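>>> Fold the following, please.
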Amino acid sequence: MKMKIVLLCVSLFVLGKNTSVDAWEPVGFPYASWGEISYGEVEHWKIDTYIEQGIDWYQFTPHLTLNTFLGFRATLSDQPQDIWNNRLGPVVGAKIKLMIPTAPGHWNIISFGVRGESLHYLTTNRDTLQGIAFIQWGFGGDWKKGK
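Next up, the predicted model:
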């Protein structure tokens, strides 16, 4: 699996159109964040949040970009027995972002990547370190602005 990822990255680099000397100078510094505070009969109070700062290093095509990122994840609840809802820690990774062209006022993105997470579980005082391969997708827009 690791060899396939390395070969994919090398292939995308070789096929890239941006081959100037400045090719590895950052082309962007995207950031993202999401969060939710919720209350329910089963889970009671829960806060789930994530923040990410990335660097777009290389643009293979106008729609395909190599990105590395650092993030921080925190999930906290008032239920100590829910160990999966009481954890926090840093995230580091790399991904290939594919922006899918769409109508004006709308956006679509698919990302393929790998990330490492070092999470501390607050109620058990346990730490985990794990590597994760992922596919992320998102889309959105504004129906009125898309006219």
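>>> Please enumerate the helices of this protein.
2-15 (DSSP state H).
>>> Could I get the contacting residues of Trp45?
37-39, 77-78 (C-beta atoms under 8 Å, 6 or more residues apart in numbering). Yep, even glycine has a C-beta here, placed from its N, CA and C like the rest.
>>> change it to 7 Å
39, 77-78 (C-beta atoms under 7 Å, 6 or more residues apart in numbering).
>>> what does Glu117 give?
89, 91, 130, 132.
>>> Now do the first one, the pLDDT please.
Confidence at Gly89, expressed as pLDDT, is 97.
>>> what residues are up against it?
73, 117-120.
>>> 8 Å instead?
72-73, 117-120, 127.
>>> Look up how far Ile37 lies from it.
Separation of Gly89 from Ile37 (C-beta to C-beta, to the nearest Å) stands at 20 Å.
>>> now swap in the third one and tell me
Distance, Gln130 to Ile37, using C-beta to C-beta: 26 Å.
>>> could you dump the contacts of Trp45 to CSV with pLDDT?
Output for those, formatted as CSV (pLDDT from 0 to 100):
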residue, pLDDT
Tyr39, 92
Ser77, 92
Asp78, 91
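>>> tell me, which strand in this structure spans the most residues?
The longest strand of the chain (DSSP state E) is strand 44-61.
>>> What residues sit buried inside that one?
Burial within strand 44-61, assessed by neighbour count using 16 or more other C-beta atoms under 10 Å, is assigned to 46, 52, 54, 56-60.
>>> any idea which of those residues is the one closest to Asn85?
Within the buried residues of strand 44-61, proximity to Asn85 (C-beta to C-beta) peaks at Lys46, which comes in at 5.6 Å.
>>> Settle this for me: that closest one is touching Ile37, isn't it.
Yes - contact criterion C-beta atoms under 8 Å: Lys46 and Ile37 qualify, at 7.4 Å.
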